[in-house]
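Chemist: Predicted structure and sequence below. I'll ask about it afterward.
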Amino acid sequence: MSPASPATGPVHEALAGLPLVDHHCHGVVTADPDAERFESLITEGAAWPDSGISPFDTPVGVAIRRHCAPVLDLPRHAPAAEYLARRVELGWHEVNRRFVTAAGTGVFCVDTGYAPDRITTPTELAAAAGDAVAYEVVRLESVAEGLAAEGVEPGEYATAFRAAVRDTVERRGAVAVKSVAAYRTGFDLDPNRPSDADVTAAAARWLGPGGTDGRRTDGSGTGGRGTDGRGTGGRAPERRPRLDDPVLVRHLLWTAADLGLPLQLHVGFGDSDIRMHQVDPTRLTDWLHRTSGTVPVLLLHCWPYQRQAAYLAAVFEQVYLDVGLTLHHVGPARARAVLEEALEITPFRKLLHSSDAYGAAEFFHLGALAFRRGLADLLQSRVDSDELSLPDALRIATWTGRDNAYRVYGLPRDGLA
Amino acid sequence: MSPASPATGPVHEALAGLPLVDHHCHGVVTADPDAERFESLITEGAAWPDSGISPFDTPVGVAIRRHCAPVLDLPRHAPAAEYLARRVELGWHEVNRRFVTAAGTGVFCVDTGYAPDRITTPTELAAAAGDAVAYEVVRLESVAEGLAAEGVEPGEYATAFRAAVRDTVERRGAVAVKSVAAYRTGFDLDPNRPSDADVTAAAARWLGPGGTDGRRTDGSGTGGRGTDGRGTGGRAPERRPRLDDPVLVRHLLWTAADLGLPLQLHVGFGDSDIRMHQVDPTRLTDWLHRTSGTVPVLLLHCWPYQRQAAYLAAVFEQVYLDVGLTLHHVGPARARAVLEEALEITPFRKLLHSSDAYGAAEFFHLGALAFRRGLADLLQSRVDSDELSLPDALRIATWTGRDNAYRVYGLPRDGLA
Amino acid sequence: MSPASPATGPVHEALAGLPLVDHHCHGVVTADPDAERFESLITEGAAWPDSGISPFDTPVGVAIRRHCAPVLDLPRHAPAAEYLARRVELGWHEVNRRFVTAAGTGVFCVDTGYAPDRITTPTELAAAAGDAVAYEVVRLESVAEGLAAEGVEPGEYATAFRAAVRDTVERRGAVAVKSVAAYRTGFDLDPNRPSDADVTAAAARWLGPGGTDGRRTDGSGTGGRGTDGRGTGGRAPERRPRLDDPVLVRHLLWTAADLGLPLQLHVGFGDSDIRMHQVDPTRLTDWLHRTSGTVPVLLLHCWPYQRQAAYLAAVFEQVYLDVGLTLHHVGPARARAVLEEALEITPFRKLLHSSDAYGAAEFFHLGALAFRRGLADLLQSRVDSDELSLPDALRIATWTGRDNAYRVYGLPRDGLA
């Protein structure tokens, strides 16, 4: 809340030196985006080229000019045009390297199920960061849609989907799965496991002739619900059938509960395909009761429902949360305020760091910066007022920035205490 | 958040000297209200004369005694009784002149569709401010209800309503239209354009014998939903049929989308006729998708949904917002905090200023003061911490306080750069 | 927001010396809880003994080690194990006496309808505090469930329930009644008074063979909805039929409206049996319109709906609120921030103090401390910035901490001005 407070002190130093685990992110573009394309990458809206409104004139745009320009050797607050020119001058490879390195991230968990652009693979991303490690996260809707594109009999859909998920996870050594149910149906779902007959009937509707077209023409003017929080401006619509049947989305979530791997769930903030009032995560309460004891559930982004997510993390053993995506969009000036709300009642072993960076490498740097500074401001001020001991503050910083992720995902802890 | 911070610096100076555009307000009473009437004007509740609870004992009451008393030559924090006596002593004409002038507003956009009291016309309001300009905003429900009072055949309602709106807009040179759908049905509406047959059938129900009485006796003990955020204490109930049929409200919104003028929508905070849980503006998402590319949509007030409104402004090109009404009710002590949330992800060309003042001229002064100080505190603190450059801060201040409104409403920019 | 601000000044002194009215609380355990039991008492989740996640590693756990350890003669921030050992060493009687006395509470209003543990009676609680007074609050669901356990004919349920409530209130000299409708059905209820026939039919369903078992096996894995915000870990499930029929819950609320005593309503924060999205208190708007003029309605806890509760308190004469339970769970470091939101538009005669302490005597101390410090920080900072006069600040502090409760509950004011 007080961005003027000096960003110094032992907690800031500890977080500055901590290699983060970014438990949810994507690849970055491997091309030099032109102005309009870059602008579309830095907004959850879209570039509105005829509107006279630039995505640079937003909190995240201001934060890029302030915090990313210096990484490209420009002065702080450099004009957008200069920024874009310098970006092209350096070239995408060097730009990506600089930002991903600047993030100081040791481990990336990469959702590979969303790639309308040519982007880095997890291996390429880790390489850009120097000596980092990357793991994959399998997007469940992409697996289901791939299956539908290949062709499957309705009666075999459930079995085939389960097998395809297991196969994909094994093949890629994935550490988690992810669902964008928030985009497809929202969370106002029947919490019960669907019967085999229901799944078969739903699959028949979805896979049948015309079955996936019903909602396509209904709703948004973009590619429909399920683009997962990325501006759709300038990109081609998806070609594959879109999984948005409520029974199949329920089935997908129950399949995840059976799988044994942590489940990442998109919550809240994203692009215009979200129906925000339907993605309050407390709508999942009955489902969380029924799947208690199965898999960890990680609520991603959460804004403006960070308090609701915190409540779930406080009362359900299996629930965790982050405020990724949110932190770089609100920028370092507001990161602490959002973290204050996210942490009001959250157990300190339940908050994780993610950037949710996609496309623009800037977001790796900005997400890490906003997280480190926001959390350090919060913790240090509590230490300064003696509400928290310094050892506790340091422990919470390390847990949140790194160790909670190691713990939930069971990551190998080479060399870690 | 830190009201103790000195209200000085270049951003404060710039905003103090900027003639604001108040893009949504009403007239002020042209009479000397007695104590109970004045108290009913300064609350969204009502005067509760037998309760022992005075509307002066609220954040806005405290702010009036602090910031308005000196305008009437009284000491800061003058007691309520002295304040009311001095108000009568000066007389409504002088009181109105002082407060409206103190606001430093250059342009008023005046919703003329709500006037249970004898209040100033837009021309009288502008005259009270000295050299200001006033434009009208046409309230769509009032047009529809006027039509119903005059009598119209159900089959002709759609055409007659469209014509009446166009006629009213032209006759008054209005710059925008406004809907209080929030009060009538909430936003949980079918997003699709209703068919002609549906509109005719709904009009028949509404216009038929007894057709408008159905919900009158159902619901609040006051005049029903649609009083638009003014305390109903002490006022006579509406006489005209109240437009609250879901099909006709949808039709009204679609008629606005066809019209070409900016559409102001009441959102959130208002009197007890609001069902707050039904006016989360993200419930409009599907309608916003369908009407994308038609008219600008300006979300008014928004609290406690300022973050939801900010989300819509970030992802829909046509959406704008303000936190009018809210800012003077929370008072200067909390104005910055509300603006911080409203601006978390909002593009800087999407926030506007309004007072939503009605009745009590104090609210013109208080709304402008809370806006100027809250926004200046927010921006200056970001400049001080080097999160924002000073030129950017000044640009954002001018956009928000004036230029965004000029742009959206296409106001003539006599003498403006 | 600024926990580093010195907790000094005239408002802090006034609140430190004010004997509070704790208008909603419970008894404390009369035994020495072991580590797991104590951990389950300090969380709204449960102790998760196999998870490696301790309830001490939360905001409230940190606050206990900071603010409660010194009351037990330990250093600030003492480790959890030392804290627990010292607690046993002193014994529950002395521990309870110290914390309840430290709270500086003059009057307790004790909800006696929830007691899965052996806990203090109101008289024992008041005795632990020295010269305090305790009044009872009758939990309506417990009365109904007691009636069902004893046996009642469906056709006599309504009359018998009304008589049982009146009898219980009189017998105990209760000052208020309370409902946990939030846990049983949420607030999305038909706002109308149910007919006698509807109540009889619902009672027949509920009281009939198997009638109360329907939802038992449906929903949470714990004892079902209705445990009222206490961790269910380690406790035996309820034996009595659980009142969760929507018609009977409505009937219960209407019976309360007829009774003449203030009605306390659980809102928001609680254990995992809450469906948070269904307990937004603005869902009660239509019911509040219909019962206007009957009894005061006190919204308890409210987080994360404190702004929604504030809105209702601003526009309905009969509505009051507190942020009890919330304040000690977020801890002194965030108490001011929550109070700032709760007071944004709330009339100053509408906010009350409660601890909602149950089981752990620490919460009496911590709730009072967080309330006093948070409110004093808020008010003093407004005095410092001249947004509020000091006499007004002192008046608001006394109202909120004590006099509003005296007024609403009609408590005898022996010796009070």
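Modeler: Cool, got the structure.
Chemist: I'd like to know which residues of the stretch 251-400 of chain A are adjacent to chain C.
Modeler: Near chain C, the residues belonging to the stretch 251-400 of chain A are A:280, A:282-283, A:285-286, A:288-290, A:292, A:307-308, A:311, A:314-317, A:340, A:343-350, A:381-382, A:384-389, A:392 when assessed by C-beta under 8 Å from any C-beta of the partner chain. Where you see a C-beta, it was placed from the backbone N, CA and C, and this is true even at glycine.
Chemist: Report the contact partners of A:Val88.
Modeler: In this structure, A:Val88 makes contact with A:Asp32, judged by C-beta atoms under 8 Å, 6 or more residues apart in numbering or on different chains.
Chemist: got it, and A:Thr58?
Modeler: Taking C-beta under 8 Å, 6+ apart as the test, what A:Thr58 contacts is A:43, B:314, B:345-348.
Chemist: try 10 Å
Modeler: If you count contacts by C-beta atoms under 10 Å, 6 or more residues apart in numbering or on different chains, A:Thr58 has them with A:42-45, A:64, A:329, A:331, B:313-314, B:343, B:345-350.
Chemist: what's the closest non-adjacent residue to the closest residue to chain B within the stretch 51-200 of chain A?
Modeler: Taking C-beta to the nearest C-beta as the measure, the point where the stretch 51-200 of chain A comes nearest chain B is A:His77, at 4.0 Å. The shortest distance from A:His77 to any residue other than its chain neighbours is 4.0 Å, reached at B:Ser389 (C-beta to C-beta, 6 or more residues apart in numbering or on different chains).
Chemist: Likewise for A:Arg65?
Modeler: Nearest non-adjacent residue to A:Arg65 (C-beta to C-beta, 6+ apart): A:His77, at 5.2 Å.
Chemist: tell me the pLDDT at that neighbour?
Modeler: The per-residue pLDDT reported for A:His77 equals 98.
Chemist: now do the one 10 residues further on
Modeler: According to the model's per-residue confidence, A:Arg87 sits at a pLDDT of 98.
Chemist: which stretches of chain A aren't confidently modelled?
Modeler: For chain A, applying pLDDT under 70 flags the ranges A:1-6, A:210-240, A:414-417.
Chemist: Give me the most central residue, it.
Modeler: Computing the C-alpha centroid of chain A and ranking residues by C-alpha atoms, centre = their mean puts A:Asp356 first, at 3.6 Å.
Chemist: right, and it touches A:Asp22 too?
Modeler: Yes: using C-beta atoms under 10 Å, A:Asp356 and A:Asp22 qualify as a contacting pair, with a distance of 8.7 Å.
Chemist: which residues do the two both contact?
Modeler: Here A:Asp356 and A:Asp22 have A:322, A:324, A:364, A:367 as joint contacts, going by C-beta under 10 Å, 6+ apart.
Chemist: Spit out the contact partners of the residue of the stretch 51-200 of chain A closest to chain B.
Modeler: With contact taken as C-beta under 10 Å, 6+ apart, A:His77 is in contact with A:62, A:65-67, A:69-70, A:83, B:386-392.
Chemist: do A:Pro70 as well
Modeler: A:76-78, A:102.
Chemist: what do you get for A:Glu141?
Modeler: Shown here is A:Glu141, whose contacts under the criterion C-beta under 10 Å, 6+ apart are A:113-114, A:178-181, A:183-184, A:226, A:228, A:240, A:242-244, A:248-249, A:252.
Chemist: On the three-state scheme, it is what?
Modeler: Secondary structure of A:Glu141, reduced to three states by DSSP: H, G, I helix; E, B strand; the rest coil: helix.
Chemist: swap in A:Pro194?
Modeler: Secondary structure, three-state DSSP: A:Pro194 is coil.
Chemist: any idea how far it is from B:Leu375?
Modeler: Counting by C-beta to C-beta, to the nearest Å, the separation of A:Pro194 from B:Leu375 is 51 Å.
Chemist: Between these two, which is the more surrounded one?
Modeler: Neighbours were counted for A:Pro194 and for B:Leu375 using other C-beta atoms under 10 Å in any protein chain shown; B:Leu375 has more, 27 against 21.
Chemist: Can you name the helix or strand that that one falls in?
Modeler: Here B:Leu375 sits within helix B:362-384, counting by DSSP states H and E.
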